[in-house]
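Novice: predicted model follows, preceded by the sequence.
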Number of protein chains: 2
Amino acid sequence: MTAYTATVTVRLKQGVLDPEAETTQRALERLGFELEDLRAADQFEIDIAAATADEARERVVEMTERLLANPTIHDYEVDLTEQ
Amino acid sequence: MTAYTATVTVRLKQGVLDPEAETTQRALERLGFELEDLRAADQFEIDIAAATADEARERVVEMTERLLANPTIHDYEVDLTEQ
């Protein structure tokens, strides 16, 4: 078994309203900062042990689709590194 | 002016309790997944226009320290790319 760390980034799909990001952007503007756009995402770092990198990635993708992301409104990315 | 995208990752410092991550880990385990650890982080993608990469990074670091992260409990990372 090898130890892997997977970084899962869960973003809202383009076109899905994100009131939290909008509020954050407005708060920064109210503090005097200039910015064009701000998007928020959730990131999960998952440590798992697996026989191969492919198996680790497959299990993390399944975790993401079962619990971490909602495919109706989210896109996600999985990056895998060996520990 | 050049357009940059900064990716700010805000993590809890080591030792700070994270009940949200713990709940997510337990929910995955209840679904039958095996994992060693799960950490959650917030990610912000900020589009800004600046004269130089250094200026862009400096402004994003200031935004992060003023609003996005709480230095008492958070560590953060800023990655900058030209659009």
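Specialist: Done, it's in. This is a predicted model, so every value here is computed, not measured.
Novice: contacts and neighbour counts: CA atoms only from here.
Specialist: Fine.
Novice: quick one, helices of chain A?
Specialist: Taking DSSP state H as the test, the helices found in chain A are A:19-30, A:53-63.
Novice: so which of these is the most surrounded?
Specialist: Mean neighbour count, computed with mean count of other Cα atoms under 10 Å in any protein chain shown, is highest for helix A:53-63 among the helices of chain A, reaching a mean of 17.
Novice: remind me, longest strand of chain A?
Specialist: strand A:37-50 (DSSP state E).
Novice: okay, the helices of chain A in TSV with distance to chain B and mean pLDDT next?
Specialist: Formatted as TSV, these follow (distance: least, Cα to the nearest Cα, whole Å; pLDDT from 0 to 100):
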stretch	distance to chain B	mean pLDDT
helix A:19-30	7	97
helix A:53-63	7	97
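Novice: what's the closest of those helices to A:V8?
Specialist: Of all these, helix A:53-63 sits nearest to A:V8, with 8.2 Å by Cα to Cα.
Novice: now for that closest one, which elements pack on it?
Specialist: Helices and strands touching helix A:53-63, by 3 or more Cα pairs under 8 Å, 6 or more residues apart in numbering or on different chains; DSSP states H and E, are strand A:2-12, strand A:37-50, strand A:74-82.
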